[in-house]
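**Student:** below are the sequence and a predicted model; questions follow.
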Amino acid sequence: MKKSIYDTPIFFERYLKLRENPISLNEIVEKPTMFSLLPDLKGKKVLDLGCGAGGHLFHYLSLGASEVVGLDLSQSMIEQAKSDFAKFFPNQTGCNFYCLPMEQISEIKESEFDVITSSFAFHYIEDFPDLLRKISAKLAPNGILIFSQEHPITTCHKIGERWEKDQNKQQVAYRLNHYREEGLRERNWFQQSFKTYHRTTATIINDLIQAGFQIEKVEEPMLAEQPEWHNEFKDLLHRPPLLFIKSVKK
């Protein structure tokens, strides 16, 4: 049975602390970019895949969504989301949560959504074309899929040092020597091992097209218009850490 790294207590605890940081990749880059891609959500049904503790769903409700559903593999994340919703939205109806892997999206009772989103999660998926087919089956005609994931420039790393550095140990170039080699990547974070999957940008886009999606917008945020963050996020001088795609089911 598939398990979530976020159900490891120390991993979950440190993750929540990171998310509380107002100056983080999630807060400065991911959320503003993701939210800028959203359509008008008034009266819409929205599903968030890999919903975590439900932060994006809070925002969708504030924008007028009539129903929000969160799905996440982590039991700890789902419990946190339910607790937060009970605390901050005690009388809110039209909210539901599922502790399931994304690959089992077909098992949720809701039959059709206007919008499906996913933040920072699709790089955990081994069979991306199969997931896209299941997402399409849950989307209404002309329904919208918006997602972010680790950029293929990031997921391609396999072995050795990620960065080439100068004599002062300053980053000067990001290594891409394994970019063409798609597939499994063994990773480590907070001294915990986990798996992600690398696909090239072309593969991701072609998989979407073959699943019947029309690409509407692609974003690779590097804060070009926000120089005040350049010292804080020096990585962005060299490469985009995230890939965002907005597409429509046709």
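**Tutor:** Looks like it came in fine.
**Student:** what's the longest helix seen in the chain in contact with?
**Tutor:** Looking only at the chain and at elements set by DSSP state H, the helix with the highest residue count is helix 75-88. Counting by C-beta atoms under 8 Å, 6 or more residues apart in numbering, helix 75-88 makes contact with 4, 6-7, 12, 16, 51-54, 57-58, 70, 72, 92, 95, 97-99, all of which sit outside it. C-beta: built from backbone N, CA, C; applies to glycine.
**Student:** contacting residues for Leu100?
**Tutor:** Residues Leu71, Asp72, Leu73, Glu107, Ile108 are the ones in contact with Leu100 under the rule C-beta under 8 Å, 6+ apart.
**Student:** pull out the buried residues from these.
**Tutor:** With neighbours counted by 16 or more other C-beta atoms under 10 Å, the contacts of Leu100 contain buried members at Leu71, Asp72, Leu73, Ile108.
**Student:** so can I have a markdown table of these showing distance to Lys134, secondary structure and pLDDT?
**Tutor:** As requested, the buried ones among the contacts of Leu100 are arranged in a markdown table below (distance: C-beta to C-beta, whole Å; DSSP: H, G, I helix; E, B strand; the rest coil; pLDDT from 0 to 100):
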| residue | distance to Lys134 | secondary structure | pLDDT |
| --- | --- | --- | --- |
| Leu71 | 11 | strand | 98 |
| Asp72 | 16 | strand | 97 |
| Leu73 | 15 | coil | 94 |
| Ile108 | 10 | coil | 97 |
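**Student:** and the residues you listed, which two are furthest apart?
**Tutor:** Leu73 and Ile108 (13.4 Å; C-beta to C-beta).
**Student:** all helices for this structure, in order.
**Tutor:** Along the chain, the segments classed as helices by DSSP H run 9-20, 25, 31-36, 55-62, 75-88, 128-138, 152-155, 201-210.
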